[in-house]
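In: Provided below for reference: sequence and predicted model.
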Amino acid sequence: MLEAKDLTMRYEDGHLAVDHINFQVKKGEIFCMLGANGAGKTTTINLFLNFIDPTEGQPLVDNVDSSKDPLEAKGNIAFVSENVMLYSNFTARQNMDYFAKLGGKPDYTRDDYYAVMRRVGLQEEAFEGKLKNFSKGMRQKIGIAIAILKDANNIILDEPTSGLDPKAAAEFATILNELKEQGKAIFMSTHDIFRAKTFADRVGIMKEGRMVMQRSSQEFLAEDLEKIYLDYMLGKID
């Protein structure tokens, strides 16, 4: 489970990037956070990953405060960023092998790596290809495959469908639902309202560092989520 308790981040220049936000992502649940650039979505993720320390509040990973025990917390998180950082001169399989072992999973075989790459929709001729020749979408698939191999209780995704074509994005949605059924707690920041409506159990909207709305799937499917989102962004709703 992921939980933000009055989570706050004020930078040295005085900018309040995250303002006392509260939310939970439970086992077997997908939570999508919507918001414009600068809303505080990535800062929130960075707090959970202990890339930065909060000014106030707690980022909890399976009830472990990541600002106080970052190694234990990170051991329970798989993370896929918008721009997946991989080794360009390694092949796809070599990248997966390296990051699997780094994450404490040394026993995977070549066939295990191939199976996961097939699962995320990477073409077989790319399995032993070097990452420097991959498109952004192909690199994104490797990032998702590495997250699957880590088999952590919690998955954090920062704009994970960026660079994916419609077929790959649909395959990604299928994978997300499979991970949800396995009991993973999945937190995803996104600009993509359509994808959020498709597979989120709950949606939150961030604006200027504040969590201005949270709705369950039953609630937002009964409403016009696009209109609600735009009304918040345009200042029609406080």
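Out: Thanks, I have the structure now.

In: who touches residue 89 in this structure?
Out: Residue 89 makes contact with 130-132, according to Cβ atoms under 8 Å, 6 or more residues apart in numbering. (Each C-beta comes from the backbone N, C-alpha and C, glycine too.)

In: could I have the buried ones of the residues you listed as ChimeraX selection syntax?
Out: Selecting only the buried entries of the contacts of residue 89 in ChimeraX, with 16 or more other Cβ atoms under 10 Å as the criterion:
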select :131
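
In: quick check: residue 203 is in a strand.
Out: Yes. Inclusion of residue 203 in a strand is indicated when DSSP: H, G, I helix; E, B strand; the rest coil is applied.

In: how far away is it from residue 55?
Out: Spatial separation of residue 203 from residue 55 under the definition Cβ to Cβ, to the nearest Å is 26 Å.

In: which of those two has more residues huddled nearby?
Out: Counted by other Cβ atoms under 10 Å, residue 203 and residue 55 do not tie: residue 203 has more neighbours, with 24 against 16.

In: ok, the more buried one to residue 157 distance?
Out: Relative to residue 157, residue 203 is positioned 14 Å away (criterion: Cβ to Cβ).

In: strands along this structure, start to end?
Out: In the chain, the strands defined using DSSP state E lie at 2-10, 16-25, 29-34, 56-61, 64-65, 77-80, 154-158, 185-190, 202-207, 210-216.

In: do you know which of these lies nearest residue 101?
Out: Of all those, it is strand 77-80 that lies closest to residue 101, at 14.8 Å by Cβ to Cβ.

In: got the buried residues for the closest one?
Out: So for strand 77-80, counting by 16+ other Cβ under 10 Å, buried means 77-80.

In: likewise stretch 191-203?
Out: The neighbour-count criterion (16+ other Cβ under 10 Å) identifies 191-193, 195-196, 198-203 as the buried residues of stretch 191-203.

In: how about stretch 91-101?
Out: Taking 16+ other Cβ under 10 Å as the neighbour-count basis, stretch 91-101 is seen to contain the buried residues 91-97, 99-100.

In: of these, closest to residue 170?
Out: Checking the buried residues of stretch 91-101 against residue 170 with Cβ to Cβ, the nearest one is residue 92 at 21.1 Å.

In: the closest one and residue 74: what is the separation?
Out: Noted for residue 92: a distance of 24 Å to residue 74, by Cβ to Cβ.

In: and if you look at residue 87?
Out: Distance from residue 87 to residue 74, counting by Cβ to Cβ: 20 Å.

In: so for those two, which sits in the more crowded spot?
Out: When residue 87 is set against residue 74 and neighbours are counted by other Cβ under 10 Å, the residue ahead is residue 74, at 18 against 13.

In: now do the contacts for that one.
Out: Applying Cβ under 8 Å, 6+ apart, the residues near residue 74 are 49-50, 61, 66.
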